Each structure stands twice: as C-alpha cells, then as structure tokens.
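>>> Attaching a predicted model along with its sequence, questions to come.
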Amino acid sequence: MSLQSTARLPIVFPTRPERPTQDDVPDTKADRQRIVEQAREYLEQRSLVPPVPLDELKVEAAAMLEQYGIEERYHEYCSLTLSNEMWKESLATIPFERRLLLLPKCLRDESNCPAPFDELGLLCKKCGLCSIQDLQVEAERMGYAVLVAEGSPIVMAIIETGKIEAIVGVSCLNVLRKVYSYMEAAAIPGIAIPLLQDDCVDVNVDLDAVWDSVHLTSDDKTRRLDLVGLRDEVDTWFGAEALAEVMGSPETDAERIGHEWLARAGKRWRPFLTVAVHQALQREPGTAITDPQRKMDLRKIAVAVECFHKASLIHDDIEDADDERYGEATMHNEHGVPIALNVGDLLLGEGYRLLAETEAPAEVRAAMLRIAAQGHRTLAVGQGTELAWHRAPKPLKPLDVVSIFRQKTAPAFETALRLGAHYAGADEALDQALIDYSNSLGVAYQIRDDLDDLAAAVGAGELPERRPTILWALAYQAAKRRDDKAVVKAAWCTAADGTDEPDLAALYGLFERLEVTNKGQELLTAYKDEAIRGLRMVENANVKGLLRRTIGKIFDDLQIKGWCNEFEARNAPSSEARAAAAG
C-alpha cells in the first residue's frame with residue numbers, strides 16, 4: 001500500500017526527549033513473555049473495552065503489578081502490554097491493506113545507512129545493513145503502508161486521512177506513550193513494540209514480537225492454540241506406559257533399553273513439530289483430536305520421529321566418542337558399543353514399523369516412509385562429511401559448515417514437519433515450503449547449539465570441541481593477520497592427542513577480539529529470519545502463524561556471560577549481509 005495518495009506531510013522528528021532506560025523493558029524474551037501471559041490473565045478477570053484512557057490504563061497496570069508482584073520499573077511496559085492485548089482481536093480483523101507499520105529511523109545502521117529522507121520519512125535503499133529492509137518488504141507485500149519515521153504529528157495526520165484503520169508501531173517507550181493518546185482519541189486498534197534499549201543509534205527490537213504483530217490475522221485459528229500445553233501433552237507420550245501402548249511391551253533387553261532411551265530427557269521439539277503442524281492443518285486447529293484411531297496414528301508418527309532422532313544420537317555419540325548425553329552416560333558408555341549400535345538400529349526399525357502400521361491411506365503411508373528414508377539418508381551423508389573432516393581436519397569456510405548443518409541437523413526437522421503435514425493431507429506447495437523452512441531452521445538450531453557449546457567450554461575452562469562448527473569457521477575467516485590464522489588453525493585442526501594444547505586465555509582473547517560470538521549470533525538471527533521468510537508464499541494462515549510462533553518457542557534469548565562483553569546482535573541481516581558474513 002502506498003502513502004503517496006495522502007496529503008504531503010511535514011517531516012517531524014522530535015527533539016531528543018527524556019527517554020526511558022534499558023531497565024524499563026525486561027531484558028529477556030522469557031520475562032517479556034511472562035508479562036504478556038500475566039496481562040492476558042489479568043484481562044480475563046476484568047471487563048475492559050478499548051480504547052481505555054491512558055490514566056485509567058495506568059491504574060490497571062498498577063493493579064497488575066501488585067497482583068503479580070511485578071517490579072515497579074515495569075509499570076510503563078505493563079501499561080503498553082495491557083493495551084496490546086486488549087486491541088489484538090480487533091486488529092486481527094483489519095485487512096492488511098488498511099494497516100500502517102510504523103518503524104523508527106534509529107533501527108538503521110546510522111553510520112553506514114545510505115537512505116535519504118523525504119517528507120514522509122526514511123526512503124530505505126534496501127542495502128541489507130539493518131532489519132528495516134526485511135520488515136518493510138514483507139509488510140508491503142502483505143499490503144501494509146510502511147513509514148520509517150518518528151513523531152506523533154505524522155501518525156495523527158495519517159490517522160486523519162481515514163486510510164488507516166490499525167497501526168503496528170515500533171519505538172521507544174517515550175514515543176509510544178505519546179502516540180497512545182492519538183490512537184485512543186481515534187479509537188484506532190494498535191499494537192506497540194518497544195525498543196530494547198534507550199539509545200537512539202543502532203537500536204534493537206524483539207523481532208519475533210514485531211513479526212507476530214505484523215502477521216496477526218483472524219484467519220489464523222492457531223493464535224489461541226496452547227503450544228505449551230500441546231508440547232506438555234506430547235511429552236507424556238514418552239513415559240514407559242505410554243510407549244508400551246504405542247510400540248508394544250518390551251520383551252527383550254534390546255527393546256527395554258530402547259524404550260528407556262526414548263523416555264530419557266530431551267527437548268522433544270521434533271515430535272512436537274509433527275503434532276503441531278498436523279493440528280494447524282485441521283479445520284478447527286485448537287480442538288482436541290477425538291477420533292481414537294487418528295490420535296493413535298498421530299502418537300505413532302510422533303514416536304517414530306523420536307525413534308529416528310534418538311537412534312541418530314546413539315550413533316553420533318559412538319562416532320564422536322562422547323561420554324555424556326543430557327547430563328548422563330551415553331548408551332555406549334553405559335552398555336558398550338555393540339549393544340548401543342544394535343539398539344540404535346532397533347530404534348530405526350521401530351520408527352519405520354510405526355509409520356507403516358498407521359491407518360493412513362496406502363499412498364500416504366508410502367509417502368511418509370519415503371520422507372523418513374530421504375531424511376535418514378541425508379543425515380548419514382552429512383555425518384559422513386563430518387567424519388571425513390576428522391580424518392583430515394582443515395579450516396572450513398562458514399558456508400562449508402552450513403552445508404554440513406543442512407545435511408546433519410535440518411533433515412530431522414524436515415522429516416518431523418513433513419510427516420505430520422502429509423498425514424494431515426498437505427499439498428505439494430506446502431510440502432516444498434516445509435522443506436525450505438526446515439533447512440533454515442536446522443541451520444539456526446545448530447548455530448545456537450554451537451554458541452551454547454562454546455559458552456559451556458569457556459565456563460569449564462576447556463577447549464571448544466574440535467569439529468566443523470560455525471564459530472571455528474567464523475574465527476578463521478575473521479582472522480586477517482597470519483599469526484592469528486595460525487593460532488585458530490592449530491587449535492581447531494590439530495589432532496586431539498593431548499599434545500600442543502593451545503593457551504586457552506590467548507585463544508578466547510582472540511575469539512573476543514574477532515567478535516566470534518557476535519558474528520555467530522548475527523548468523524543465527526539471519527537464518528531464523530530466513531525460515532520465517534520461507535513461509536511467505538504459504539497460503540494456509542494456520543500453518544504460517546504456527547510455524548512463525550514455533551521459531552520463538554525454540555529459540556530463547558541466548559546470553560554468553562563471564563568471558564566476553566555483553567552484546568546485542570545486529571537485527572536481521574539480509575540475505576546479502578548473511579552471504580557476506582558466511583563468506
């Protein structure tokens with residue numbers, strides 16, 4: 001949607017007001033989400049109909065603070081959150097082409113931004129240096145009007161044109177508070193997302209919250225789907241009795257060990273994804289499955305997905321000579337390599353058996369078996385590439401490592417999603433979208449694991465594991481001096497025989513100087529966003545909405561502490577920026 005049909009408006013950039021501090025917005029995604037959930041619960045107890053005057057809203061926020069024991073410094077943030085939750089259902093009904101996305105100019109990379117300004121604000125050149133490009137392109141594709149500027153007079157003038165019926169706005173708390181009175185007076189539904197710090201240059205925002213708000217639509221029936229409750233339910237399917245119901249009672253030692261391994265700790269994201277995408281494709285996504293046979297089939301598919309995943313972990317632990325998994329002894333460490341190999345093979349067979357035993361039509365069963373086999377094969381090829389590296393270790397480019405991730409990690413997500421979707425009757429277009437989504441999700445997930453592993457190694461005073469990781473690759477690429485490259489290469493590629501161990505303090509100092517974790521976090525953000533962009537052409541609003549929210553559930557805030565400076569990643573590097581980062 002274009003704003004050029006509106007009256008030419010004077011550009012207004014307010015003088016720098018007294019701005020809230022970083023403490024006015026919760027630091028972590030988990031804390032912000034908790035306040036959102038508390039706001040929803042609070043509103044269920046009250047009969048508030050928007051628009052609510054600002055003074056009254058502040059009174060309600062104060063009551064919410066007291067009821068939930070929230071710190072006083074979050075009063076403004078709670079007021080904002082209450083308003084957002086009151087308006088969400090109304091905004092969801094407004095067509096995208098009648099909405100405005102308002103972004104602040106301070107999201108840009110000020111020192112390098114080539115974009116000029118006109119009377120309506122920033123004219124983005126789509127250089128890929130900040131998140132504005134991705135937000136603007138996607139929102140305009142959906143039909144939004146997009147304005148990159150600050151100042152309540154601009155917002156008021158646009159509201160008065162009558163062309164805008166809802167607003168999604170991003171800014172600091174101070175500006176959002178000023179704009180609220182205009183929206184209240186016009187009874188315009190709006191959602192406001194505050195910036196995460198009080199600077200006016202190169203700021204950050206919770207991009208997941210922005211994307212959720214931009215894509216909010218009443219067509220998405222999964223908005224009310226309890227993802228936490230759904231994941232908890234899936235987790236109950238892996239107790240001993242539940243597994244026996246699906247797989248049959250274990251009669252041999254191999255079966256008993258296999259069931260025990262399935263029941264052990266794990267994040268179970270993959271079976272959750274299977275069930276979630278199946279639910280999203282139902283006519284009423286938020287309702288429970290009442291057909292006993294269909295529910296048993298879905299349980300079989302979910303357990304099959306976990307069988308494949310746990311089998312791969314058992315075999316990986318043997319190949320990598322790992323001693324622990326989930327804080328406990330690995331299977332080969334506990335039972336010996338021959339038994340571990342056999343149980344891994346058994347779980348693979350069990351997975352295929354469960355898929356074949358579903359009551360799905362023959363062509364669907366065949367498709368599911370083919371999908372599982374393709375995923376199994378791709379994973380083995382990726383693992384083979386990594387094993388070959390261990391035989392002849394050498395520095396890898398980031399793109400080489402990403403290629404391994406696409407083969408080793410992405411297939412498990414792809415298999416999980418495609419199995420659930422095929423059982424629910426997905427078409428070919430959605431199937432391809434799930435493949436694209438899974439590729440990016442798998443890469444992002446493995447990058448997050450690499451960051452976690454580095455943090456754990458640093459905390460324990462140990463050398464990071466010598467394997468193809470994105471952080472080793474980024475360090476080698478970033479090291480421009482010959483001596484620095486030699487240090488990284490020696491520490492990364494030398495055989496782990498206990499000799500010539502590097503100086504850890506010097507190595508981690510080099511990692512910090514090369515900003516390795518910052519670059520890794522940027523790449524993680526880029527692939528998360530690429531996964532979301534891969535959903536653009538998905539026509540099913542339920543699937544699109546659910547998979548977007550799943551990204552936020554899987555990737556919690558990551559904070560590396562104790563050895564490097566606190567950092568905030570640059571927002572959503574574009575494809576061009578990501579390619580540059582990845583070499």
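Structure's in. What do you need? Numbering: from 1, shown residues only.
>>> Mind jotting down where the strands sit in the chain?
For the chain, strands defined by DSSP state E occupy the ranges 99-103, 117-118, 121-122, 145-148, 166-171, 190-194, 324-325, 328-329.
>>> out of the ones you listed, which comes closest to A276?
The stretch from the strands of the chain with the least distance to A276 (Cβ to Cβ) is strand 190-194; that distance is 24.0 Å. Glycine gets a C-beta too; all of them are placed from N, C-alpha and C.
>>> Report all helices and strands that that closest one contacts.
Using 3 or more Cβ pairs under 8 Å, 6 or more residues apart in numbering; DSSP states H and E as the contact criterion, the elements in contact with strand 190-194 are helix 75-92, strand 166-171, helix 173-186, helix 207-214.
>>> That one pairs with which strands, and in what direction?
Using DSSP bridges, the neighbouring strands of strand 190-194 in the sheet come out as strand 166-171 (parallel).
>>> Could you verify my assumption that L379 touches E414?
No - taking Cβ atoms under 8 Å as the definition, L379 is not a contact partner of E414, at 9.9 Å.
>>> of those two, who's got more company?
Applying other Cβ atoms under 10 Å to L379 and E414 shows that E414 carries more neighbours, namely 27 against 23.
>>> Chain neighbours aside, what residue packs nearest to that one?
Nearest residue to E414, sequence neighbours excluded (Cβ to Cβ, 6 or more residues apart in numbering): S438, at 3.5 Å.
>>> Show me the shaky parts of the stretch 451-583 of the chain.
Where the stretch 451-583 of the chain drops to pLDDT under 70, the residues are 495-500, 556-583.
>>> circling back to that earlier point, closest to A455 out of the strands of the chain?
With Cβ to Cβ, the closest approach to A455 among the strands of the chain belongs to strand 324-325: 16.5 Å.
>>> Give me the distance between the two termini of stretch 283-293.
Looking at stretch 283-293, the gap from its leading to its trailing residue is 18 Å under the measure Cα to Cα, to the nearest Å.
>>> Equivalent analysis for stretch 403-419, please.
In terms of Cα to Cα, the two terminal residues of stretch 403-419 are separated by 23 Å.
>>> tell me the contacts of T378?
Counting by Cβ atoms under 8 Å, 6 or more residues apart in numbering, T378 touches 407, 411.
>>> typo on my end, it should be I257
I257 sits in contact with 331, 335, 339, 343, where contact means Cβ under 8 Å, 6+ apart.
>>> Recalculate using a threshold of 10 Å.
Residues counted as contacts of I257 (Cβ atoms under 10 Å, 6 or more residues apart in numbering) are 250, 314, 331, 334-335, 339-340, 342-343, 346-347.
>>> Mark which of those are buried, thanks.
250, 314, 331, 335, 339-340, 342-343, 346-347 (16 or more other Cβ atoms under 10 Å).
>>> just these now: which is nearest T161?
The shortest gap between T161 and any of those belongs to L347, at 61.9 Å (Cβ to Cβ).
>>> low pLDDT regions in the stretch 1-150 of the chain?
Judged by pLDDT under 70, the stretches of the stretch 1-150 of the chain that qualify are 1-23, 107-131, 150.
>>> Is it correct that A62 is in contact with H75?
Yes - applying Cβ atoms under 10 Å as the test, A62 and H75 come out as touching, 6.5 Å apart.
>>> mind putting the helices and strands packed on strand 190-194 in JSON lines, distance to A263 and mean neighbour count included?
Output for the helices and strands packed on strand 190-194, formatted as JSON lines (distance: least, Cβ to Cβ, whole Å; neighbours: other Cβ atoms under 10 Å):
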{"stretch": "helix 75-92", "distance to A263": "38", "mean neighbour count": "21"}
{"stretch": "strand 166-171", "distance to A263": "44", "mean neighbour count": "26"}
{"stretch": "helix 173-186", "distance to A263": "46", "mean neighbour count": "19"}
{"stretch": "helix 207-214", "distance to A263": "32", "mean neighbour count": "22"}
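>>> Please give me every residue in contact with H332.
In this structure, H332 makes contact with 314-315, 317-319, 321-323, 325, 338-341, 343-344, judged by Cβ under 10 Å, 6+ apart.
>>> Check V543 too.
The contact partners of V543, by Cβ under 10 Å, 6+ apart, come to 220, 222, 276-277, 279-281, 285, 417, 421, 424, 426, 430, 433-434, 437, 535.
>>> From the residues you listed, which land in helices?
276-277, 279-280, 417, 421, 430, 433-434, 437 (DSSP state H).
>>> quick one: low-confidence ranges for the stretch 251-400 of the chain?
Applying pLDDT under 70 to the stretch 251-400 of the chain picks out residues 285-288.
>>> Can you get me a residue count around the residue nearest to E414?
S438 has 27 neighbours, counted by other Cβ under 10 Å.
>>> Now do the helices in the stretch 451-583 of the chain.
Taking DSSP state H, counting those that start in this stretch, the helices of the stretch 451-583 of the chain run over residues 470-478, 482-493, 504-513, 516-533, 541-554, 575-582.
>>> how about those, which one is nearest H215?
Of these, the one closest to H215 (Cβ to Cβ) turns out to be helix 541-554, at 6.2 Å.
>>> what's the angle from that closest one to helix 516-533?
Counting by axes from the mean of the first three to the mean of the last three Cα atoms, to 10 degrees, helix 541-554 lies at 170 degrees to helix 516-533.
>>> which parts of helix 541-554 are buried?
Taking 16+ other Cβ under 10 Å as the neighbour-count basis, helix 541-554 is seen to contain the buried residues 541-552, 554.
>>> Which one of those residues is nearest to G442?
Comparing these against G442 with Cβ to Cβ places I554 closest, at 11.0 Å.
>>> For that closest one, which non-adjacent residue is closest in space?
W269 (6.0 Å).
>>> what sits against the residue nearest to E414?
S438 is in contact with 273, 375, 406, 409-418, 445, 531, 534, 547, counting by Cβ under 10 Å, 6+ apart.
>>> Now tabulate the buried residues of helix 541-554 in CSV and tack on distance to E255.
Formatted as CSV, the buried residues of helix 541-554 follow (distance: Cβ to Cβ, whole Å):
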residue, distance to E255
A541, 43
N542, 38
V543, 36
K544, 40
G545, 40
L546, 35
L547, 35
R548, 39
R549, 37
T550, 32
I551, 36
G552, 38
I554, 31
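>>> wait, which of those is closest to A392?
For the buried residues of helix 541-554, with A392 as the reference and Cβ to Cβ as the criterion, the closest is I554, at 34.0 Å.
>>> I'd assumed R548 was in contact with the closest one.
No - with contact defined as Cβ under 10 Å, I554 does not reach R548; the gap is 11.4 Å.
>>> Report the set of residues contacting both of the two.
The contact sets of I554 and R548 overlap at A531 (Cβ under 10 Å, 6+ apart).
>>> okay, the helices of the stretch 451-583 of the chain in a markdown table with distance to P361 next?
As requested, the helices of the stretch 451-583 of the chain are arranged in a markdown table below (distance: least, Cβ to Cβ, whole Å):
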| stretch | distance to P361 |
| --- | --- |
| helix 470-478 | 42 |
| helix 482-493 | 50 |
| helix 504-513 | 53 |
| helix 516-533 | 30 |
| helix 541-554 | 21 |
| helix 575-582 | 39 |
